[in-house]
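Undergrad: for reference, the sequence and a predicted model appear below.
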Amino acid sequence: NNSKVWNLEYMQYFHSHRKLLSGQGLLRLSHFYGQLRRNRIITRAVRSFHGNGRLYAVSEGPLSVAEIFNRIPIEDTRNFCFIAHVDHGKSSLASRVLEYSGNFSLTSETYFLPQSSQIIEKIPCDTHENYEAKEDFLKLDTLSVEQQRGITVKASAASMLYKPNDQALLSPQNDTGYLMLNMVDTPGHIDFGLEVTRSLHVVEGAVLLFDAAQGVQAQTLNVFQKAVDIGTELVPALTKVDLPHARPLEVSIAISEMFGFDPDKILLTSARQRIGVENILEAVACNVPPPVSFEDDDGVTLRAQVLDSWFEPTRGVVCLLKILSGKMEEGDRLVVVDDSFYDKHLSKERQVSNESQFSLQEIGMVLPHRVRTGKLLSGQMGYAIVGLRDPRQARPGSLVLSQDSIDRAFHMEKPEWMLNGDVSQQSALFASVHPLEAGEFDDLCSAVDKLSLNDTGLEVHRTSGASGTDGGPFLGPGLRIGFQGLLHVEVFRQRLLDEFHMEAVVTPPKVSYLIKYLPSKMSSRKQDEPIEEIIEDLSRWPKSGERFDIYEPIVKVRVISPVDYAGNVMELIKKKRGYDMSTEVIDDLNWIFHAQIPWGEVVTSFHDELKNCTAGYASFDTLDAGYKKADLCRVEIMLNGDSVDPLTFVSHRTNAQKESRVVCKKLKETLPREQFVIKIQAKADGKIIASEHIKAYRKDVLTTGGSKAVGGGDITRKKKLLEKQKRGKKRLAQNSSGKEGFHKPLLIVLFRDQDDATRRIASK
């Protein structure tokens, strides 16, 4: 057997137990030693004599990175992540940590000496060569949209080796001298808070970062509360302490008063100057507890959690896994199950039908580049390629089991994250997505399915595209998708274009509303239909003649702003129909404003207006506060008498006319002129409340060329030609009205070519 892994296991056995063999055992050891020498796993043997027999003891040489990882027990594993407000330096600091640990140059052919940090052989990875000459170390932001916008939209993981200063942190069975650290870099924007929540559920510790200049921000409070609710151990740290306007002392005092941290234990760091990187790793090694093993772990039964998954055109579905118990090796037959696997009320046939079986093709560690190791042990995180082509077969949150141990796993302890239920978040916005051409609908569905595998914040529903549904006769068939915010919508559009080369039409996003129907003799509803209904599609708005109450979603808004802009913030909250306003003092420079505001007012332009009135210094986050009754009306936008469903919006009755005029005026400036008059109207409660006209192109039919008049100036001839032109334009308008030939190009211009500000105006 020339398997390197097989030989390594036996070598570890001899080395750990110091077995000294004689007689027939000597022959077996000599044969085994020859295999090790041929495979270059050991470089020398120590010959010793004892009594009358000649005995051998084997000692090892350099170990590869994969061998080091596989020899570290779960007690010497630390799982942690970086959490903070947006633009507080999470990705930069995470990249510096990887740089300090040497991950940018590690490959499967890199060798270490045990009990030493000396690297015997280092072969740099091709994709990371000349990294020392680069100032940008954002290696974890791999998506094109992340690199272009300078933000993190997806949580990414990487494993590293760290030799702690205090060797007492290592368990007695660890003879490598290293700890294994599994790090997760999380997004900071509120629209991607679901990624932060999922990351906190798979780690035992988190480094909470604070900007040394800005101090506590809105999203900082949000992620802190999430970590406390989950029970994650927190390590506080200040970033950007090298900036001229940094206030480390003042910010540390404010943090200690608000969060209860010891000011002396708050770490000072800077990614640009590489300050405090080692202190972060040492604090993680000392304060973050190791993963807790299952009480019924027998060391054989495999249980692994799918943390993330993405689709690659050449390899299919790639999964990021965390091994909860047992081990996983290439060639194993695996099974993917969901939460229904533990439902004892289901029959065995139904349990099996929920399983997806596959053969493991490739497995390894993420450093953050992939390094093939051949197997993963309990406590490790890594990638797995299984040859799946259907993204729906390996959803994040699924459980991976060995095909040989399904029955044992069914009677074992259920993972804690499955007991708490799937980490999910209700969609905040809903929009329709349509292809540019009707024939590209299947391609759009395939692209969205693959993208939703990697973006768990999407909620996808298909629409028929018939009259009365999303898009109506104007945009054709499409998808109804739920998003977490406006930035999420923009990132979705850009990822479709960058990763799948699919340019789509995204309608203005809308929020959901609660409708409560009242008794009415004129109602056409059936008696068995529910009296309460949550509508996400405005085409399902109650028809005229129905009696009903409308409830709009309310959110608790927390704004952190410099005290100099307190008046501007309070005026903006009142403008957005906010109520129950209160203030809280953080320090001498910053205040917290609490209020409840309708979600429809927050999602459209609140962020932009808040930044404008506070010179960009303010930040905010939101929390769902249920529904509240409101006086709202549905406003329809019509082009030449035809209602355009994608442009329909809901407004407070007192602001309906004002907002309708803004939309009509913006449409007049955006839509191109045609050979006929385009009439733009806004209708609410059966009445026209705003109107605009786009004049038609006109050709002078009274001249045939130059200044020569038709018919010698005869007035009857002139009138005949003008009437003929008028009838032709009327017929053109009638033939084009309500058809894709006229409306779809106009809507594509509106939804695709406008800037972000125009899209927000059109959505309101």
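TA: Structure's in. What do you need?
Undergrad: tell me the SS of the spatially most central residue of the chain?
TA: What sits nearest the mean C-alpha location of the chain, by CA atoms, centre = their mean, is Lys154, with 4.3 Å. Here Lys154 takes the coil state, with states given by DSSP: H, G, I helix; E, B strand; the rest coil.
Undergrad: okay, it and Lys450: tell me how far apart.
TA: 14 Å (CB to CB, to the nearest Å). For the C-beta atoms, the positions are set from N, CA and C on the backbone; glycine is no exception.
Undergrad: flag every buried residue along the longest strand belonging to the chain.
TA: The longest strand of the chain (DSSP state E) is strand 548-562. For strand 548-562, a neighbour-count test (16 or more other CB atoms under 10 Å) marks 548, 550-555, 557-561 as buried.
Undergrad: need the distance between the two termini of stretch 634-650.
TA: Stretch 634-650 has an end-to-end distance of 5 Å (CA to CA, to the nearest Å).
Undergrad: now do that stretch: distance to the chain's middle.
TA: Remark: stretch 634-650 is offset 33 Å from the chain centroid, using CA atoms, centre = their mean, to the nearest Å.
Undergrad: go on, stretch 604-615?
TA: Worked out by CA atoms, centre = their mean, stretch 604-615 lies 24 Å from the chain centre.
Undergrad: buried ones in that stretch, by neighbour count?
TA: Quick answer for stretch 604-615 (16+ other CB under 10 Å): 604-607, 610, 613-614.
Undergrad: redo the buried residues of strand 548-562 as a markdown table? Include pLDDT.
TA: As requested, the buried residues of strand 548-562 are exported to a markdown table (pLDDT from 0 to 100):
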| residue | pLDDT |
| --- | --- |
| Phe548 | 89 |
| Ile550 | 92 |
| Tyr551 | 93 |
| Glu552 | 92 |
| Pro553 | 92 |
| Ile554 | 93 |
| Val555 | 91 |
| Val557 | 92 |
| Arg558 | 92 |
| Val559 | 93 |
| Ile560 | 91 |
| Ser561 | 91 |
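Undergrad: closest to Ile230 out of the residues you listed?
TA: Arg558 (19.9 Å; CB to CB).
Undergrad: quick one: contacts for that closest one?
TA: 218, 221, 592-594, 620-623 (CB atoms under 8 Å, 6 or more residues apart in numbering).
Undergrad: beta partners for it?
TA: His594, Asp621 (DSSP bridges).
Undergrad: now Val337
TA: Leu399.
Undergrad: that one touches Ser398, doesn't it?
TA: Yes - in terms of CB atoms under 8 Å, Val337 counts as a neighbour of Ser398; the distance is 6.8 Å.
Undergrad: quick one: Val371 and Ser64 touch, right?
TA: No - at 9.7 Å, Val371 does not count as touching Ser64 under the criterion of CB under 8 Å.
Undergrad: quick one: low-confidence residue ranges for this structure.
TA: Flagging of the chain using pLDDT under 70 yields the residue ranges 1-62, 105-142, 340-356, 391, 416-425, 463-474, 698-714, 731-764.
Undergrad: how close does Leu639 sit to Val228?
TA: 52 Å.
Undergrad: and for Arg480?
TA: 36 Å.
Undergrad: mind checking which of these two has more residues around it?
TA: Counted by other CB atoms under 10 Å, Arg480 and Val228 do not tie: Arg480 has more neighbours, with 19 against 11.
Undergrad: and that one, what does it touch?
TA: By CB under 8 Å, 6+ apart, Arg480 lies in contact with 430-432, 460-463, 470, 536-537.
Undergrad: what about the strands in the stretch 451-600 of the chain?
TA: Along the stretch 451-600 of the chain, counting by DSSP state E, counting those that start in this stretch, strands occupy 459-463, 478-483, 504-506, 513-517, 532-535, 548-562, 579-585, 590-598.
Undergrad: for Phe441, find the nearest of the ones you listed.
TA: Using CB to CB, these put strand 478-483 closest to Phe441, at 7.6 Å.
Undergrad: strands along the stretch 251-400 of the chain, start to end?
TA: Going by DSSP E, counting those that start in this stretch, the stretch 251-400 of the chain shows strands at 267-268, 303-312, 316-325, 328-329, 333-337, 356-359, 362-366, 370-372, 375-376, 381-385, 399-402.
Undergrad: Asn655 is nearest to which of those?
TA: strand 303-312 (42.5 Å).
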